[in-house]
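A.B. asks: everything below, folded, please.
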Amino acid sequence: MRITVNTIREMKQKKEKIVMLTAYDYSTARLVDEAGVPLILVGDSLGMVLLGYESTIPVTMDDMIHHTKAVVRGSKQAMVIGDMPFMTYHTSVADALRNAARFIQEGGAQAVKLEGGVTVAETVKRIVECGIPVMGHIGLTPQSIHQLGGHRAQGKTPEAAMRLLNDARALEQAGAFAVVLELVPAPLAKLITQELSIPTIGIGAGPDCDGQVQVISDLLGLYSDFVPKHAKQYVRLAGEIKTAIASYISEVKSGAFPTMEHCPAMDERLLEGLVRS
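C.D. replies: Alright, predicted model coming up:
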C-alpha cells in the first residue's frame, strides 16, 4: 500500500518530520522508495536537471507525464506527486482539471502540486472536489521567476509576510493536504507552520517546517558548478562518476577491460570446421 494523504496529515499531528525528495526516472525512484522516503515529487525541476533548460518554464505536460510514469513504475510505497507545469492550470479551471486528471490517469500519480496561493485557491478547490489530492507551493515559485525578479527569498517585509500567510490559509481552506514553503524566512515559515492544520514542507525555509524537500541531484552532489544555499550535499557523486568513467576509458584503451570473466564461455572445439581453409 502506498502512503496516503491521511498518513501525511497524521505525521503532522504526531510531530513526525516528513521527508520528500524529487525523482525523475525509474532507477532513482526505486532507490528513494526503498530508502523509505514517503513522498516523491516528480518536479518540473527536471527541466534543468534532466533536460538542460535554464528554468522550469519550457517543461510541458508530455514531459511531466513521461517522467511520472517512470517514477511510478519504480516506486511501491511512496506517494508520487506530479508537478503541474507552467500555464497548465492558469488559463481555466477546465484546463486545470484536465491536466491534473492526466497525472492521475496517464501518469499513475497519487497527487499533484501547483504553485500559488490566493490566486489559485478556487482551482485547488475544484481539483480536490474531483478527488485529486493537491499539494500547494508558495514563497519562491520558480514558474514566476520573471515576475519575482529571479530566485529570491520571499516574505521579508511585513506586507509580503502577510500575503504569504494569507496564501497558506487560502490553500488550506481550498482543501490542499500540504504546502511547500520555498525560500521563506525561517521565522515566517515557523509562524505559517503553527497557523496551519496541514503540513508544511520546507525548502530553504528553516528547520521548523513539518517536513523538508530537496532536489535529488543536489543531495547527491551531481553538479559541482552550482550548489543552492538551501541544499546540502550528502555525497559528491560528480567527482566519483568522472573518476569511474576515466578508469573505464583507460582500461578499454589499454585492453585491461573486458577480460574473459566478462564474456560468455564456449567450448572452442565447437568452432572447428566453421572456417574454410
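A.B. asks: distance of residue 224 from residue 242?
C.D. replies: 9 Å (C-beta to C-beta, to the nearest Å). Backbone N, C-alpha and C define where each C-beta goes, glycine included.
A.B. asks: over to residue 43?
C.D. replies: On the measure of C-beta to C-beta, residue 43 and residue 242 end up 25 Å apart.
A.B. asks: with neighbour numbers in mind, choose between the two.
C.D. replies: Neighbour tally, residue 43 and residue 242, criterion other C-beta atoms under 10 Å: the higher count belongs to residue 43, 29 against 11.
A.B. asks: surely that one and residue 20 touch.
C.D. replies: No - look at residue 43 against residue 20 with C-beta atoms under 8 Å: they stay out of range, at 9.8 Å.
A.B. asks: so residue 201 is in which element?
C.D. replies: strand 200-203 (DSSP states H and E).
A.B. asks: elements contacting that strand?
C.D. replies: strand 178-182, helix 186-195, strand 211-214 (3 or more C-beta pairs under 8 Å, 6 or more residues apart in numbering; DSSP states H and E).
A.B. asks: quick check: which of those is nearest to residue 236?
C.D. replies: Residue 236 lies closest to strand 211-214 among these, at 14.9 Å (C-beta to C-beta).
A.B. asks: if you count contacts, what does whatever helix or strand comes next after that closest one end up packed against?
C.D. replies: With elements assigned by DSSP H and E, the helix or strand that comes after strand 211-214 is helix 216-219. Counting contacts by 3+ C-beta pairs under 8 Å, 6+ apart, helix 216-219 packs against strand 18-22.
A.B. asks: now the following helix or strand past the strand it packs on: buried residues?
C.D. replies: The helix or strand immediately downstream of strand 18-22 is helix 26-34, counting by DSSP H and E. For helix 26-34, a neighbour-count test (16 or more other C-beta atoms under 10 Å) marks 26, 28-33 as buried.
A.B. asks: ok, stretch 124-133 next?
C.D. replies: Quick answer for stretch 124-133 (16+ other C-beta under 10 Å): 124-128, 132-133.
A.B. asks: any chance of those residues in CSV, with secondary structure too?
C.D. replies: Shown next, in CSV, are those (DSSP: H, G, I helix; E, B strand; the rest coil):
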residue, secondary structure
124, helix
125, helix
126, helix
127, helix
128, helix
132, coil
133, coil
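A.B. asks: show me which of the residues you listed is closest to residue 262.
C.D. replies: residue 133 (47.5 Å).
A.B. asks: surely that closest one and residue 5 touch.
C.D. replies: Yes - Residue 133 is within contact range of residue 5, at 4.9 Å (criterion: C-beta under 8 Å).
A.B. asks: any residues in contact with both of these two?
C.D. replies: 111, 177 (C-beta atoms under 8 Å, 6 or more residues apart in numbering).
A.B. asks: low-confidence bits of the stretch 51-200 of the chain, can you list those?
C.D. replies: Counting by pLDDT under 70, the ranges of the stretch 51-200 of the chain that qualify are 144-151.
A.B. asks: show me the strands in it, by range?
C.D. replies: For the stretch 51-200 of the chain, the strands defined by DSSP state E, counting those that start in this stretch cover 79-83, 111-113, 134-139, 178-182, 200-203.
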